[in-house]
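Asks: Pasting the sequence and the predicted model now:
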Amino acid sequence: MTAQSPHDATGAEFVESLHQRAALNQRSILFPESNDFRTVEAIISLMRRASVRPVMVRRSDATTGVMPSGRIEILDPLTDPRADEVAALLVERRGKRGMTSHGAHALSRSPLYFANGVVALGYFDGCIAGAVTTTGEVVRSALWTIGPAQGIKTVSSAFYMVVPPFRGSISEVLTFTDCGVVQAPTSRQLADIAMAAANDRRRIVGDEPHVAFLSHSSVGSAEGVDINRVREAVALVQAEHPEISVAGELQADTALMPDVAIRKAPGISSAGLANVLVFPSLDAGNIAYKLVQRLAHARAFGPILQGLARPCCDLSRGATSDDIVHVAAIAALQVR
(Lines give C-alpha, C1' and ligand atoms only; values in the text may rest on other atoms or scores of the structure.)
Protein backbone atom coordinates (compact mmCIF):
# COMPACT_ATOMS: atom_id res chain seq x y z
CA MET A 1 0.00 0.00 0.00
CA THR A 2 1.28 3.47 -0.83
CA ALA A 3 0.87 6.26 1.67
CA GLN A 4 -1.89 8.69 0.89
CA SER A 5 -0.89 12.22 0.06
CA PRO A 6 -1.22 14.68 2.94
CA HIS A 7 -3.27 16.82 0.58
CA ASP A 8 -5.99 14.17 0.80
CA ALA A 9 -5.85 13.89 4.59
CA THR A 10 -8.43 14.83 7.15
CA GLY A 11 -7.66 13.93 10.76
CA ALA A 12 -9.54 10.64 10.49
CA GLU A 13 -7.96 9.73 7.17
CA PHE A 14 -4.47 10.48 8.46
CA VAL A 15 -5.08 8.27 11.50
CA GLU A 16 -6.38 5.45 9.34
CA SER A 17 -3.37 5.75 7.06
CA LEU A 18 -1.04 5.50 10.08
CA HIS A 19 -2.62 2.27 11.28
CA GLN A 20 -2.93 0.70 7.84
CA ARG A 21 0.74 1.25 7.08
CA ALA A 22 1.86 0.22 10.57
CA ALA A 23 -0.09 -3.04 10.26
CA LEU A 24 2.07 -4.08 7.32
CA ASN A 25 5.08 -4.70 9.57
CA GLN A 26 3.55 -5.56 12.99
CA ARG A 27 6.20 -3.83 15.10
CA SER A 28 6.51 -4.70 18.77
CA ILE A 29 5.87 -1.65 20.96
CA LEU A 30 6.52 -1.64 24.72
CA PHE A 31 4.31 0.10 27.27
CA PRO A 32 6.18 0.66 30.57
CA GLU A 33 3.27 2.59 32.10
CA SER A 34 0.98 -0.43 32.12
CA ASN A 35 -0.42 0.45 35.55
CA ASP A 36 -2.17 3.46 34.01
CA PHE A 37 -5.75 2.78 32.93
CA ARG A 38 -5.41 4.86 29.73
CA THR A 39 -2.43 2.77 28.68
CA VAL A 40 -4.34 -0.46 29.34
CA GLU A 41 -7.29 0.84 27.29
CA ALA A 42 -4.87 1.70 24.48
CA ILE A 43 -3.32 -1.77 24.60
CA ILE A 44 -6.77 -3.37 24.33
CA SER A 45 -7.61 -1.14 21.36
CA LEU A 46 -4.31 -1.97 19.65
CA MET A 47 -4.93 -5.69 20.11
CA ARG A 48 -8.24 -5.23 18.30
CA ARG A 49 -6.75 -3.08 15.54
CA ALA A 50 -3.72 -5.35 15.05
CA SER A 51 -1.69 -2.41 13.74
CA VAL A 52 1.16 -3.05 16.22
CA ARG A 53 2.06 -5.81 18.68
CA PRO A 54 1.64 -4.22 22.13
CA VAL A 55 3.76 -5.57 24.99
CA MET A 56 3.13 -4.63 28.63
CA VAL A 57 6.04 -3.90 30.98
CA ARG A 58 4.91 -4.28 34.58
CA ARG A 59 6.71 -5.23 37.75
CA SER A 60 5.28 -8.20 39.61
CA ASP A 61 5.21 -6.17 42.83
CA ALA A 62 2.90 -3.53 41.30
CA THR A 63 -0.12 -3.00 43.52
CA THR A 64 -2.29 -1.02 41.10
CA GLY A 65 -3.59 -1.39 37.59
CA VAL A 66 -5.90 -3.66 35.68
CA MET A 67 -5.01 -6.43 33.26
CA PRO A 68 -6.52 -6.70 29.79
CA SER A 69 -8.24 -9.93 28.92
CA GLY A 70 -6.88 -12.04 26.10
CA ARG A 71 -3.37 -12.96 25.10
CA ILE A 72 -0.91 -10.19 25.88
CA GLU A 73 2.82 -10.47 26.42
CA ILE A 74 3.96 -9.12 29.79
CA LEU A 75 7.56 -8.37 30.74
CA ASP A 76 8.59 -8.16 34.40
CA PRO A 77 11.85 -6.22 34.92
CA LEU A 78 12.28 -7.91 38.31
CA THR A 79 12.54 -11.40 36.83
CA ASP A 80 13.45 -10.91 33.16
CA PRO A 81 17.11 -11.94 32.64
CA ARG A 82 17.53 -9.20 30.05
CA ALA A 83 17.50 -6.66 32.88
CA ASP A 84 21.13 -7.61 33.52
CA GLU A 85 21.92 -6.78 29.89
CA VAL A 86 20.23 -3.42 30.32
CA ALA A 87 22.31 -2.75 33.42
CA ALA A 88 25.49 -3.56 31.51
CA LEU A 89 24.38 -1.25 28.68
CA LEU A 90 23.83 1.59 31.16
CA VAL A 91 27.28 1.14 32.65
CA GLU A 92 28.79 1.03 29.16
CA ARG A 93 27.05 4.23 28.08
CA ARG A 94 27.14 6.16 31.34
CA GLY A 95 30.03 4.72 33.33
CA LYS A 96 32.36 7.60 32.48
CA ARG A 97 29.71 9.97 33.82
CA GLY A 98 29.40 8.26 37.16
CA MET A 99 26.97 5.40 36.53
CA THR A 100 27.83 2.59 38.97
CA SER A 101 26.87 -1.06 38.69
CA HIS A 102 24.57 -0.62 41.68
CA GLY A 103 22.83 2.39 40.12
CA ALA A 104 22.52 0.66 36.74
CA HIS A 105 21.03 -2.42 38.38
CA ALA A 106 18.37 -0.29 40.10
CA LEU A 107 17.48 1.58 36.91
CA SER A 108 17.31 -1.60 34.84
CA ARG A 109 14.54 -2.86 37.14
CA SER A 110 12.40 0.21 36.53
CA PRO A 111 9.82 -0.35 33.77
CA LEU A 112 10.86 2.76 31.80
CA TYR A 113 14.61 2.11 31.70
CA PHE A 114 14.13 -1.62 31.21
CA ALA A 115 11.76 -1.00 28.27
CA ASN A 116 14.07 1.45 26.53
CA GLY A 117 17.02 -0.79 27.30
CA VAL A 118 15.60 -3.87 25.61
CA VAL A 119 14.55 -1.70 22.66
CA ALA A 120 18.14 -0.42 22.44
CA LEU A 121 19.41 -4.01 22.53
CA GLY A 122 17.16 -4.94 19.60
CA TYR A 123 14.72 -7.26 21.36
CA PHE A 124 11.73 -4.98 20.61
CA ASP A 125 11.00 -2.18 18.16
CA GLY A 126 9.88 0.82 20.21
CA CYS A 127 8.66 2.24 23.50
CA ILE A 128 5.90 4.66 24.51
CA ALA A 129 5.76 6.53 27.83
CA GLY A 130 4.89 9.93 29.24
CA ALA A 131 1.26 9.53 30.32
CA VAL A 132 2.44 9.47 33.94
CA THR A 133 6.14 10.33 33.50
CA THR A 134 7.70 13.73 32.83
CA THR A 135 9.17 14.51 29.43
CA GLY A 136 12.55 15.04 31.06
CA GLU A 137 12.63 11.53 32.47
CA VAL A 138 11.36 9.92 29.26
CA VAL A 139 14.00 11.72 27.18
CA ARG A 140 16.73 10.96 29.72
CA SER A 141 15.94 7.25 29.74
CA ALA A 142 15.96 7.16 25.94
CA LEU A 143 19.27 9.01 25.70
CA TRP A 144 20.94 6.81 28.31
CA THR A 145 19.88 3.60 26.59
CA ILE A 146 18.91 4.07 22.93
CA GLY A 147 20.92 7.18 22.11
CA PRO A 148 20.84 9.36 18.99
CA ALA A 149 20.66 7.99 15.45
CA GLN A 150 23.81 7.87 13.37
CA GLY A 151 24.74 11.33 12.11
CA ILE A 152 22.38 13.06 14.60
CA LYS A 153 23.58 14.54 17.87
CA THR A 154 20.39 16.32 18.90
CA VAL A 155 17.23 14.54 20.04
CA SER A 156 14.22 16.77 19.48
CA SER A 157 10.48 16.52 18.91
CA ALA A 158 7.77 17.29 16.40
CA PHE A 159 4.02 17.67 16.21
CA TYR A 160 2.11 16.44 13.18
CA MET A 161 -0.63 18.99 12.64
CA VAL A 162 -3.68 18.11 10.53
CA VAL A 163 -4.80 21.59 9.51
CA PRO A 164 -7.89 22.81 7.65
CA PRO A 165 -7.49 23.83 3.98
CA PHE A 166 -5.38 26.98 3.63
CA ARG A 167 -3.67 26.77 0.21
CA GLY A 168 -6.24 24.66 -1.57
CA SER A 169 -9.56 22.96 -0.95
CA ILE A 170 -8.43 20.09 1.25
CA SER A 171 -6.70 19.51 4.61
CA GLU A 172 -2.96 19.01 4.99
CA VAL A 173 -0.50 17.52 7.47
CA LEU A 174 2.28 19.86 8.58
CA THR A 175 5.32 19.00 10.70
CA PHE A 176 6.07 21.55 13.45
CA THR A 177 9.52 21.17 15.02
CA ASP A 178 10.94 21.52 17.68
CA CYS A 179 8.00 22.17 20.01
CA GLY A 180 8.98 20.25 23.12
CA VAL A 181 12.66 19.53 23.84
CA VAL A 182 15.45 21.94 22.75
CA GLN A 183 14.86 25.36 24.28
CA ALA A 184 17.42 27.55 22.47
CA PRO A 185 18.91 25.52 19.62
CA THR A 186 22.25 26.39 18.08
CA SER A 187 22.67 26.37 14.31
CA ARG A 188 24.02 22.80 14.56
CA GLN A 189 21.03 21.74 16.63
CA LEU A 190 18.60 23.43 14.23
CA ALA A 191 20.17 21.51 11.36
CA ASP A 192 19.86 18.23 13.28
CA ILE A 193 16.24 19.02 14.12
CA ALA A 194 15.44 19.67 10.46
CA MET A 195 17.16 16.51 9.21
CA ALA A 196 15.46 14.32 11.82
CA ALA A 197 12.07 15.85 11.00
CA ALA A 198 12.58 15.33 7.27
CA ASN A 199 13.57 11.69 7.76
CA ASP A 200 10.63 10.98 10.05
CA ARG A 201 8.14 12.71 7.77
CA ARG A 202 8.95 10.28 4.98
CA ARG A 203 8.10 7.38 7.31
CA ILE A 204 5.16 8.87 9.19
CA VAL A 205 3.32 10.90 6.54
CA GLY A 206 4.74 9.12 3.52
CA ASP A 207 5.54 12.09 1.32
CA GLU A 208 8.62 14.14 0.45
CA PRO A 209 9.57 16.79 2.98
CA HIS A 210 9.84 20.45 1.99
CA VAL A 211 11.67 22.09 4.88
CA ALA A 212 11.42 25.77 5.77
CA PHE A 213 13.53 27.38 8.48
CA LEU A 214 11.32 30.08 9.97
CA SER A 215 12.38 33.55 11.05
CA HIS A 216 11.09 37.11 11.20
CA SER A 217 13.15 37.65 8.04
CA SER A 218 12.72 36.31 4.51
CA VAL A 219 15.99 35.75 2.61
CA GLY A 220 17.79 38.84 3.78
CA SER A 221 14.92 41.21 4.53
CA ALA A 222 16.42 41.76 8.01
CA GLU A 223 19.69 41.17 9.85
CA GLY A 224 20.59 39.97 13.33
CA VAL A 225 22.26 37.32 15.44
CA ASP A 226 19.20 35.04 15.48
CA ILE A 227 18.81 35.33 11.72
CA ASN A 228 22.46 34.41 11.20
CA ARG A 229 21.95 31.32 13.37
CA VAL A 230 19.09 30.20 11.11
CA ARG A 231 21.11 30.91 7.96
CA GLU A 232 23.99 28.82 9.27
CA ALA A 233 21.59 25.94 9.96
CA VAL A 234 20.22 26.14 6.40
CA ALA A 235 23.76 26.04 5.01
CA LEU A 236 24.60 22.97 7.12
CA VAL A 237 21.58 21.02 5.85
CA GLN A 238 22.24 22.02 2.24
CA ALA A 239 25.88 20.92 2.52
CA GLU A 240 25.27 17.65 4.36
CA HIS A 241 21.96 16.59 2.78
CA PRO A 242 21.56 18.16 -0.65
CA GLU A 243 18.74 15.70 -1.39
CA ILE A 244 16.48 17.49 1.12
CA SER A 245 14.37 20.33 -0.23
CA VAL A 246 15.17 23.17 2.16
CA ALA A 247 14.64 26.94 2.21
CA GLY A 248 15.37 29.70 4.67
CA GLU A 249 15.36 31.98 6.34
CA LEU A 250 11.65 32.51 5.66
CA GLN A 251 8.75 34.20 7.36
CA ALA A 252 5.84 31.85 7.98
CA ASP A 253 3.64 33.26 5.22
CA THR A 254 6.52 33.05 2.74
CA ALA A 255 7.12 29.43 3.70
CA LEU A 256 3.50 28.40 3.34
CA MET A 257 1.79 30.54 0.71
CA PRO A 258 2.89 30.32 -2.95
CA ASP A 259 1.57 33.78 -3.83
CA VAL A 260 3.50 35.39 -0.96
CA ALA A 261 6.63 33.39 -1.80
CA ILE A 262 6.63 34.79 -5.35
CA ARG A 263 6.88 38.31 -3.93
CA LYS A 264 9.15 37.72 -0.91
CA ALA A 265 11.38 34.85 -2.06
CA PRO A 266 11.46 34.83 -5.87
CA GLY A 267 13.54 32.07 -7.37
CA ILE A 268 13.43 29.81 -4.28
CA SER A 269 11.55 26.80 -5.60
CA SER A 270 10.49 25.31 -2.26
CA ALA A 271 9.22 28.58 -0.76
CA GLY A 272 5.45 28.53 -0.44
CA LEU A 273 5.38 24.72 -0.45
CA ALA A 274 6.69 23.95 3.03
CA ASN A 275 5.31 20.97 4.94
CA VAL A 276 8.08 20.88 7.60
CA LEU A 277 8.35 24.08 9.63
CA VAL A 278 11.54 24.44 11.70
CA PHE A 279 11.05 27.03 14.43
CA PRO A 280 14.00 29.08 15.69
CA SER A 281 13.26 28.36 19.36
CA LEU A 282 11.19 26.13 21.60
CA ASP A 283 9.11 29.13 22.65
CA ALA A 284 8.19 29.88 19.03
CA GLY A 285 7.38 26.26 18.17
CA ASN A 286 5.33 25.52 21.27
CA ILE A 287 3.34 28.74 21.03
CA ALA A 288 2.69 28.22 17.33
CA TYR A 289 1.40 24.67 17.60
CA LYS A 290 -0.97 25.58 20.44
CA LEU A 291 -2.29 28.62 18.59
CA VAL A 292 -2.90 26.61 15.42
CA GLN A 293 -4.48 23.80 17.43
CA ARG A 294 -6.89 26.11 19.28
CA LEU A 295 -7.61 28.86 16.76
CA ALA A 296 -7.54 26.88 13.53
CA HIS A 297 -9.00 23.73 15.15
CA ALA A 298 -6.07 21.67 13.90
CA ARG A 299 -5.55 18.16 15.21
CA ALA A 300 -2.14 17.78 16.85
CA PHE A 301 -0.31 14.45 17.06
CA GLY A 302 2.69 14.49 19.37
CA PRO A 303 5.08 15.38 20.74
CA ILE A 304 6.94 12.73 18.76
CA LEU A 305 10.59 12.33 19.74
CA GLN A 306 12.89 12.30 16.72
CA GLY A 307 16.58 11.75 16.16
CA LEU A 308 16.83 8.56 18.26
CA ALA A 309 18.41 5.38 16.93
CA ARG A 310 15.19 3.51 17.76
CA PRO A 311 11.74 4.89 18.59
CA CYS A 312 10.77 6.13 22.04
CA CYS A 313 7.66 8.30 22.02
CA ASP A 314 6.86 10.81 24.74
CA LEU A 315 3.19 11.32 25.55
CA SER A 316 1.54 14.32 27.12
CA ARG A 317 0.39 13.57 30.66
CA GLY A 318 -3.02 14.71 29.47
CA ALA A 319 -3.05 12.03 26.75
CA THR A 320 -6.21 10.04 26.14
CA SER A 321 -6.20 6.33 25.36
CA ASP A 322 -6.89 7.21 21.71
CA ASP A 323 -3.82 9.46 21.69
CA ILE A 324 -1.71 6.57 22.94
CA VAL A 325 -3.12 4.26 20.26
CA HIS A 326 -2.23 6.65 17.45
CA VAL A 327 1.23 7.45 18.82
CA ALA A 328 1.88 3.69 18.90
CA ALA A 329 1.25 3.56 15.14
CA ILE A 330 3.59 6.50 14.64
CA ALA A 331 6.29 4.76 16.70
CA ALA A 332 5.90 1.67 14.53
CA LEU A 333 6.42 3.76 11.40
CA GLN A 334 9.54 5.39 12.88
CA VAL A 335 11.39 2.06 12.98
CA ARG A 336 14.35 2.25 10.62
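Replies: Great, that's in hand.
Asks: my read: residue 296 touches residue 163, true?
Replies: Yes: here residue 296 lies in contact with residue 163, judged by Cβ atoms under 8 Å, at a distance of 6.0 Å. All C-beta atoms are positioned from the backbone trio N, CA, C, and that covers glycine.
Asks: ok, those two, which is more surrounded?
Replies: residue 163 (22 against 11; other Cβ atoms under 10 Å).
Asks: Okay, and the beta partners of the more buried one?
Replies: Under DSSP bridges, the beta-bridge partners of residue 163 are residue 172.
Asks: give the contact list for it.
Replies: Residues in contact with residue 163 (Cβ atoms under 8 Å, 6 or more residues apart in numbering) are 171-174, 292, 296, 298.
Asks: Could you name the helices and strands sitting against the longest helix belonging to the chain?
Replies: Ranked by residue count, the top helix of the chain under DSSP state H comes out as helix 187-204. Applying 3 or more Cβ pairs under 8 Å, 6 or more residues apart in numbering; DSSP states H and E, one finds that helix 187-204 contacts strand 156-163, strand 172-177, strand 210-214, helix 225-240, strand 276-278, strand 299-306, helix 321-334.
Asks: Quick one: mean pLDDT for the third one?
Replies: Meaning strand 210-214. Averaged across strand 210-214, pLDDT comes to 97.
Asks: rank the helices and strands packed on helix 187-204 by pLDDT, which is bottom?
Replies: strand 299-306 (a mean of 90).
Asks: chain center to stretch 317-327, what's the gap?
Replies: Averaging C-alpha positions (Cα atoms, centre = their mean, to the nearest Å) puts stretch 317-327 14 Å from its chain's average.
Asks: Neighbours of residue 209, how many?
Replies: 21.
Asks: Same check on residue 243?
Replies: Residue 243, neighbours per other Cβ under 10 Å, totals 7.
Asks: cool, residue 228 as well?
Replies: Neighbours around residue 228, by other Cβ under 10 Å: 12.
Asks: So residue 183 sits against residue 282, correct?
Replies: Yes: contact criterion Cβ under 8 Å: residue 183 and residue 282 qualify, at 4.5 Å.
Asks: low-scoring stretches of this structure, by residue?
Replies: Applying pLDDT under 70 to the chain flags residues 1-10, 63-70.
Asks: again, only this time at 50
Replies: 1-9 (pLDDT under 50).
Asks: All the helices of it, residue numbers only.
Replies: Under DSSP H, the chain gives helices at 11-23, 37-49, 82-94, 101-108, 111-120, 135-145, 187-204, 225-240, 252-256, 258-264, 282-295, 321-334.
Asks: Burial-wise, tell me which of the ones you listed comes out on top.
Replies: Comparing the helices of the chain by mean neighbour count (mean count of other Cβ atoms under 10 Å), helix 111-120 comes out on top with a mean of 27.
Asks: re earlier: would you convert the contacts of residue 163 into a markdown table that also reports distance to residue 102?
Replies: Formatted as a markdown table, those follow (distance: Cβ to Cβ, whole Å):
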| residue | distance to residue 102 |
| --- | --- |
| 171 | 53 |
| 172 | 51 |
| 173 | 46 |
| 174 | 47 |
| 292 | 47 |
| 296 | 51 |
| 298 | 47 |
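Asks: Going through those residues, which ones are buried?
Replies: Listed as buried from the contacts of residue 163 are 171-174, 292, 298; burial here means 16 or more other Cβ atoms under 10 Å.
Asks: From the residues you listed, pick the one nearest residue 55.
Replies: residue 173 (28.4 Å; Cβ to Cβ).
Asks: Surely the closest one and residue 275 touch.
Replies: Yes: using Cβ under 8 Å, residue 173 is in contact with residue 275, at 7.2 Å.
Asks: Distance check, the closest residue to residue 41 other than its chain neighbours against residue 315.
Replies: Spatially, and ignoring its direct neighbours in sequence, residue 41 is nearest to residue 321 (3.7 Å; Cβ to Cβ, 6 or more residues apart in numbering). Distance of residue 321 to residue 315, given as Cβ to Cβ, to the nearest Å: 11 Å.
Asks: one step back: now tabulate the helices and strands packed on helix 187-204 in TSV and tack on distance to residue 204.
Replies: Output for the helices and strands packed on helix 187-204, formatted as TSV (distance: least, Cβ to Cβ, whole Å):
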stretch	distance to residue 204
strand 156-163	6
strand 172-177	8
strand 210-214	15
helix 225-240	19
strand 276-278	11
strand 299-306	7
helix 321-334	5
